[in-house]
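Enquirer: Need coordinates for the following:
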Amino acid sequence: MPVLAALGQGGPLSQKELARLARVEQPSMAQLLARMERDGLVERAPDPDDRRVSLISLTAEGRAKLPHAHSALLDTNNRALDGFDPQEIVVLQDLLRRFLANLDADCRSAGGDS
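Expert: Numbering: from 1, shown residues only. Below you'll find the model as predicted:
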């Protein structure tokens, strides 16, 4: 979903940019993109500014899947938050933001890209 969302909002993007946005390692992103390309959801084209880099964009089929993917994500989110009151959701979101910020800081201090 992060790849579909990122490409749906702006694309085309490089594999490196997508890995950073999805917070995964480059090899994992390469495998994911290979499967998505095989399934006809994304396509690659050479970057006109750097021929060593491929830019990934959604195909028409990939764009057609965006609404369903978004709906599935919302349904999952709603099920996960079932029984939480609005204030608890705010607290949870704050805690998760801090959690991710700590992970990002740890990766930066360790010299990681993701």
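
Enquirer: Any buried residues in the helix or strand harbouring residue 17, and which?
Expert: For residue 17, the element it lies in under DSSP states H and E is helix 15-22. Buried positions in helix 15-22, judged by neighbour count with 16 or more other Cβ atoms under 10 Å: 15, 17-22. Yep, even glycine has a C-beta here, placed from its N, CA and C like the rest.

Enquirer: Against which helices or strands is the longest strand seen in the chain packed?
Expert: In the chain, assigned by DSSP state E, the strand with the most residues is strand 50-58. Here strand 50-58 touches helix 2-9, strand 13-14, helix 15-22, strand 42-47, going by 3 or more Cβ pairs under 8 Å, 6 or more residues apart in numbering; DSSP states H and E.

Enquirer: which helix in the protein runs the most residues?
Expert: helix 86-110 (DSSP state H).

Enquirer: Tell me how many other residues surround residue 91.
Expert: Here the count is done by other Cβ atoms under 10 Å, and residue 91 has 12 residues near it.

Enquirer: Could you do residue 58 as well?
Expert: Other residues close to residue 58 by other Cβ under 10 Å number 21.

Enquirer: Spatially, which residue comes closest to it, not counting chain neighbours?
Expert: residue 7 (4.7 Å; Cβ to Cβ, 6 or more residues apart in numbering).
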